[in-house]
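> Next comes the sequence, and after it the predicted model I'd like to discuss.
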Amino acid sequence: MGEINKEEKIKETLKKEQNETIDASDKKPNEEIKEKTLGEKLEESEEKLLRSLAEIENQRRRFEKEIKDAFEFGSFNFAKESLAILDNLQRAKEAIKSDEKLKENKDLGKFLDNINIIEKDLISIFEKNRIKKVDVKNKKFDPNFHQAMSEIEDDNNEPGTILHELQAGYMLADRLLRPSLVSVSKKKFQKGEKNIDKKEAK
């Protein structure tokens, strides 16, 4: 009898420990079972909403800029090509004025007046469409607007001053259509400077 009671007690103890193990495995740590409070959920939702609104705003600004650029600069290539018309008209005028045979023609003045009217009308059309000539008068050379084609020794002006315009440059609003082709001043070469350079080279 004693042995039977011992066996039953052992079985009961094992069964109890097994049940406790099962119950323990079903339980989760406090960190896992802890649910977010209503305030935390609202704060998280608000943060997501603000991020979404910021992204939408950035996209809206990009679209507005693209639309604006399309309206303002969609005709960029056409405007650039149109400058050739004005160039050819001005070249023709200069060629006619320098032609010795045409100078004897009494109607030359009237003909040049008509060309001047066409030139002014064309420039006026350009300006109405925000195409304006790059100013070079008494300006220092600026690689953003000018292209130097030659340098001229000149002590009367600071080095880099624009002396002559070979071809006019133009802007479309604040964008460069083409640079001005110019000649710029440089310091005259002095004999003394040559000697100094030779001494330094030694």
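Happy to help now that I have it. Residues are numbered from 1 along each chain as shown.
> Do a quick rundown of the helices in the protein.
Ranges of helices in the chain, per DSSP state H, are 2-26, 30-33, 38-73, 76-98, 100-103, 108-128, 191-201.
> Quickly, which of those helices bottoms out on average pLDDT?
Here these differ in mean pLDDT, and the lowest is helix 30-33 at a mean of 45.
> Quick check: Gln147 vs Arg130, distance?
Separation of Gln147 from Arg130 (C-beta to C-beta, to the nearest Å) stands at 22 Å. No exception for glycine: its C-beta is placed from N, CA and C like everyone else's.
> and if you look at Ala84?
To Arg130, Ala84 is 19 Å away according to C-beta to C-beta.
> which of the two has more neighbours?
Shown here are Ala84 and Arg130; by other C-beta atoms under 10 Å, Arg130 has more neighbours (14 against 9).
> The more buried one reaches Ala173, doesn't it?
Yes: if you go by C-beta atoms under 8 Å, Arg130 and Ala173 touch, sitting 4.7 Å apart.
> Report how far apart the opening and closing residues of stretch 129-142 are.
Start-to-end span of stretch 129-142 (C-alpha to C-alpha, to the nearest Å) is 25 Å.
> Show me how far that stretch is from its chain's centre.
On the basis of C-alpha atoms, centre = their mean, to the nearest Å, stretch 129-142 sits 20 Å off its chain's mean C-alpha point.
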